[in-house]
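[1] 3D, please:
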Amino acid sequence: MIVRDGWLASRYPEPPVELLSSLEQVREKQPLKNAIVETAREALAEACSPIGKVRARAFVLLEADALITYACEAALEADDPGGALRRVLAAVVE
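    Take a look at the predicted model:
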């Protein structure tokens, strides 16, 4: 499982169980930090979709928020944290 290995394993507290399926989606994608942003964008697009129940979209929005938070945490560890954060935010709002 991805959260037991590497960068995500260093996160505290551990990701909630409800987020594990999204984190599994990024397992095969590299680099991991870019894959997290990509998965967050997909979740955000789904949350903004007019199709489906409002409550279900709210949970997807929370998922996107958690993934964006991980991407921001990763950006803060970059050599240029400001630039990395700008790239994360630009990718999310594209």
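
[2] Could you use CA atoms for every contact and neighbour count after this?
    OK.

[3] how about low-confidence regions in the protein?
    For the chain, the stretches flagged by pLDDT under 70 are 1-5, 27-28, 30, 52-53.

[4] same thing but 80
    1-11, 14-33, 49-56, 94 (pLDDT under 80).

[5] Just give me the residue right at the centre of it.
    residue 67 (2.0 Å; CA atoms, centre = their mean).

[6] Which of the three states applies to the spatially closest residue to that residue that is not a sequence neighbour?
    Counting by CA to CA, 6 or more residues apart in numbering, residue 67 lies nearest to residue 40, which is 5.3 Å off, once chain neighbours are set aside. Secondary structure state of residue 40, per DSSP: H, G, I helix; E, B strand; the rest coil, is helix.

[7] buried stuff in stretch 60-70?
    60, 61, 62, 63, 64, 65, 66, 67, 68, 69, 70 (16 or more other CA atoms under 10 Å).

[8] centre of the chain versus the helix or strand encompassing residue 22, how much separation?
    Using DSSP states H and E, residue 22 maps to helix 20-25. From the chain centre to the centre of helix 20-25 is a distance of 9 Å (CA atoms, centre = their mean, to the nearest Å).
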